[in-house]
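# model this:
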Amino acid sequence: MSRRSGILEFAVLGLLREAPMHGYELRKRLNTSLGVFRAFSYGTLYPCLKTLVANGWLIEEPGSAPEEALAASLAGRRAKIVYRLTAAGKEHFEELLSHTGPDAWEDEHFAARFAFFGQTEREVRMRVLEGRRSRLEERLEKMRASLARTRERLDDYTLELQRHGMESVEREVRWLNELIESERAGRDQRSGSDAPAQHDNDSGETGGLPRHGGSTRPDPSDDTAK
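Numbering: from 1, shown residues only. Predicted coordinates for the structure are as follows:
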């Protein structure tokens, strides 16, 4: 399985965990909610859905009344099919949510993972955020070293482009620092409370995201941060 198809399967399972949908609804949600999927076709989505059905993670159900389905068939149109997550699919998605390895820190995969942080346990969120920050700090160090070596050989426009790329990475690192500090503050506040414990991925609690009116937050899928 390619990395791209793996991210798409993860996102489809995550959206269907929220509610059953048909293909058009799924494509719309993927386009509007997850920036990494701004441009992809039904020719990409439907093979993914078929694979998930074959694996037993989704089931297909009629999405229209019987008479509407018959009319669509007679007119030569595709009858609407609703895709629903199975118990095995939910279990598989929760297993994917728990992964915190290097793949979760990469540009496209991180954007998809971040979109489902509301369903992710706090400690997992922390590990993914810290891993992403570490990856970007390494990238930033390499960019600075490269710029120092080649500065004298670059024209003004290429130099400005490299500076822009560095600023984008620096901005995302600052954003990640805010998120990590907010997660830590939420964890510390909760650990000092007498309130009954809840499972983060069930309650949807995010630990109090930073909401500074003047701060600039990068889109995790922004190509300039790569």
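
# Can you give me the domain boundaries for the protein?
3-97, 107-192+214-225 (automatic domain parsing).

# what residue ranges in the chain score low on pLDDT?
For the chain, the stretches flagged by pLDDT under 70 are 1-4, 34-42, 63-79, 187-226.

# Just the helices from it, written as ranges.
Using DSSP state H, the helices of the chain run over 3-18, 23-33, 42-54, 66-74, 87-97, 107-115, 122-150, 156-191, 200-203.

# most packed of the ones you listed?
helix 107-115 (a mean of 22; mean count of other C-beta atoms under 10 Å). Heads up, the C-betas are built off the backbone N, CA and C, glycines and all.

# Okay, angle between it and helix 3-18 too, please.
10 degrees (axes from the mean of the first three to the mean of the last three C-alpha atoms, to 10 degrees).

# Pull helix 107-115 out as PDB, backbone CA atoms only.
Taking C-alpha atoms only, helix 107-115 is exported to PDB below (Å, rounded to 0.1, in the frame of the first residue of the first chain):
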ATOM      1  CA  ASP A 107       3.600  16.400   6.200                       C
ATOM      2  CA  GLU A 108       0.600  14.800   4.600                       C
ATOM      3  CA  HIS A 109       0.000  12.100   7.300                       C
ATOM      4  CA  PHE A 110       0.300  14.700  10.100                       C
ATOM      5  CA  ALA A 111      -2.400  16.900   8.500                       C
ATOM      6  CA  ALA A 112      -4.700  13.900   8.400                       C
ATOM      7  CA  ARG A 113      -3.800  12.800  11.900                       C
ATOM      8  CA  PHE A 114      -4.400  16.300  13.300                       C
ATOM      9  CA  ALA A 115      -7.800  16.500  11.700                       C
END
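
# and that helix, what other elements does it pack with?
helix 3-18, helix 122-150 (3 or more C-beta pairs under 8 Å, 6 or more residues apart in numbering; DSSP states H and E).

# at 10 Å instead, please
On a contact count with 3 or more C-beta pairs under 10 Å, 6 or more residues apart in numbering; DSSP states H and E, helix 107-115 meets helix 3-18, helix 23-33, helix 122-150, helix 156-191.

# For Ala115, find the nearest of those helices.
helix 23-33 (6.4 Å; C-beta to C-beta).

# Helix 107-115 and the closest one, what's the angle between them?
Going by the same axes, to 10 degrees, helix 23-33 makes 100 degrees with helix 107-115.

# by contact count, what packs against helix 23-33?
Checked by 3+ C-beta pairs under 10 Å, 6+ apart, helix 23-33 has helix 3-18, strand 21-22, helix 42-54, strand 81-85, helix 107-115 packed alongside it.

# Would you format these as a markdown table with distance to Thr158 included?
Shown next, in a markdown table, are the helices and strands packed on helix 23-33 (distance: least, C-beta to C-beta, whole Å):
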| stretch | distance to Thr158 |
| --- | --- |
| helix 3-18 | 29 |
| strand 21-22 | 45 |
| helix 42-54 | 34 |
| strand 81-85 | 47 |
| helix 107-115 | 22 |
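
# can I assume Glu137 is in contact with Trp105?
No: with contact defined as C-beta atoms under 10 Å, Glu137 does not count as touching Trp105 (11.2 Å).

# so which of the helices and strands packed on helix 23-33 gets nearest Arg163?
helix 107-115 (19.8 Å).
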